[in-house]
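Q: Here you go, sequence then predicted model.
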Amino acid sequence: MKLMKDLRDWRFPLKRLVSLVCLATFSFAAQSDSFLSKLKQEQLDINKKTNELESDNLQLDWINTINGSYTFVNSDQVVDDRETGMFSVSLEQPIFKSGGIYFAIKYASANREFLKLSTSLSEQTLIKSVISSWYTIKKLELQIKRQEALIENAKIDIVRKKEQYESGFLDSSYLDNAILSKSSLQKSLLDMQASQHEQIMAFKALSDADYMAIEPPRFVMITEEDFLQNSLAVQQKNANSLRSEYLKKMTISNYLPTVSLTAGYYDSRVDSNGNIENDTYKNVGLKVSMPLFDINIARNIEIKRLAHLKSQIEIEDTKRSELSEYLSATKEIQLLQKKVELAEQDYELYASLLHSTTELYEAGEKTSFDVDTLKNSQETMKYDKMIYEIEIQMALLELYAKMNAKL
């Protein structure tokens, strides 16, 4: 039966604990540029490149610059006129900072990961908006069809009540209520059509794709463990905690001994009353230094320690928040599944009633209005089921959008 086939096509399995049904055929993340607009994708690409360049700079930030200079001095004196030119190249490079160099490099790596996760979160938020907009358009499309079926039943009800009113079986209030009910349904239909248009415009603002031509992935239920393990928010907090740990250690190393390599090259020329002297020399040495007194040393270290402690607390707090959202979404999906089952049962009930009513109509015991009313009511059950299935997908989408590399 074609109708049942349509219903099965909309049924999304929720009990298989896998990531995405469509991952076997394509990766949505790898093709996100097909769904996001070119402008949105270009912005994301620029953000990624900027993050990489900033991270590269930070990773090499501990290497000092090589300085070069040239000085020229002309002295006019009573006894002696002198011109002096000096060219120099110098370097003072820390080669040991009591762990400071190592922790600076580790901090840069942790910061790179933090920025990557931040960019991924922004990207997945955009992709989620595209998919959510698509599902909303499809949901409104079904709601419009459902509303049209209800309007058809309302029209039939008006015809029936009009006949009963004209025959004297009902007073005008019943007919009046039927007309008002139809009018209300038609106004709601117009609101739905306006909402669908708004969603289409919202989709076009985010994507260059034709919403009628794309097919977003269908999501299935995931385990609590998988969700928390892949949570972008949790991973971002972990990366931030790692950053704060290395920053704390870098701060401590600033108050410990530093060994630096010093090197210089110097070339001077002195012209004194035509007597020219050239001098070229270079030097290489080691320099050991450390702060002997800093009134804020204890406070500076304590500030970084507290920042690291706070970041660890934020990890646990984020896990708790993410778990709450997962459990809330799971409960919502369970309730929607029950609604799907009820819609299926009602659909089958209407199918049985329609079958018996059709036989009675053919026998002349029922009217065509009875048959049409049941057909329209059965259609609403079909659309109800499809709408609930879309709502399940939208609830799952909220979870997948929070997971790393799942969109």
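A: Received the coordinates, thanks. Residues are numbered from 1 along each chain as shown.

Q: Could you tell me whether Gly264 really is in a strand?
A: Yes. Gly264 sits within a strand when classified using DSSP: H, G, I helix; E, B strand; the rest coil.

Q: State the distance from the nearest residue to it once chain neighbours are set aside to Gly99.
A: Closest residue in space to Gly264, ignoring its immediate chain neighbours: Ser90 at 4.2 Å, by CB to CB, 6 or more residues apart in numbering. For the C-beta atoms, the positions are set from N, CA and C on the backbone; glycine is no exception. Distance, Ser90 to Gly99, using CB to CB, to the nearest Å: 26 Å.

Q: Need phi/psi at Phe293.
A: phi -160, psi 130 (degrees, to the nearest 10).

Q: Show the model's pLDDT score for it.
A: pLDDT, Phe293: 91.

Q: Can you tell me the element the spatially most central residue of the chain falls in?
A: The chain has Thr125 as the residue nearest its centroid, 2.5 Å off, counting by CA atoms, centre = their mean. Assigned by DSSP states H and E, Thr125 belongs to helix 100-166.

Q: neighbouring contacts of stretch 75-91?
A: 64, 66-74, 261-273 (CB atoms under 8 Å, 6 or more residues apart in numbering).

Q: Show me where the stretch 301-407 of the chain has its helices.
A: Ranges of helices within the stretch 301-407 of the chain are 368-400, based on DSSP state H, counting those that start in this stretch.

Q: Can you pull the poorly scored residue ranges out of it?
A: Applying pLDDT under 70 to the stretch 301-407 of the chain flags residues 406-407.

Q: ok, now with 80
A: The model of the stretch 301-407 of the chain has pLDDT under 80 over residues 405-407.

Q: Specify the beta-bridge partners of Val284.
A: Ala263 (DSSP bridges).

Q: Let me see the mean pLDDT of the next helix or strand after the helix holding Thr125.
A: Remark: after helix 100-166, the chain's next helix or strand is helix 172-206, criterion DSSP H and E. For helix 172-206, mean pLDDT is 96.

Q: Helix 172-206: which residues count as buried?
A: Across helix 172-206, burial judged by 16 or more other CB atoms under 10 Å covers 174-175, 178, 181-182, 185, 189, 192, 195-196, 199-200, 202-203, 206.

Q: just the angle between that helix and helix 100-166, please?
A: Helix 172-206 and helix 100-166 meet at an angle of 150 degrees, taking axes from the mean of the first three to the mean of the last three CA atoms, to 10 degrees as the criterion.

Q: Show me how far helix 172-206 is from its chain's centre.
A: In terms of CA atoms, centre = their mean, to the nearest Å, the centre of helix 172-206 is found 32 Å from the chain centre.

Q: re earlier: report all helices and strands that the helix holding Thr125 contacts.
A: Under the contact definition 3 or more CB pairs under 8 Å, 6 or more residues apart in numbering; DSSP states H and E, helix 100-166 sits against helix 32-35, helix 38-59, strand 81-96, helix 172-206, helix 232-253, helix 368-400.

Q: what is the residue nearest to Gly264 paired to in the beta sheet?
A: Counting by DSSP bridges, Ser90 forms beta bridges with Asn67, Gly264.

Q: Look up how far Phe96 lies from it.
A: Distance, Ser90 to Phe96, by CB to CB: 20 Å.

Q: Likewise for Thr136?
A: Counting by CB to CB, the gap from Thr136 to Phe96 is 60 Å.

Q: tell me the contacts of the nearest residue to Phe114 once chain neighbours are set aside?
A: Of all residues not flanking Phe114 in the chain, Ala239 sits nearest, at 4.0 Å (CB to CB, 6+ apart). Counting by CB under 8 Å, 6+ apart, Ala239 makes contact with 110, 113-114, 117.

Q: any idea of the pLDDT on the closest residue to Leu242 other than its chain neighbours?
A: Leaving aside its chain neighbours, Leu242 sits nearest to Ala110 (4.2 Å; criterion: CB to CB, 6+ apart). The score at Ala110 is 95. That number is its pLDDT.
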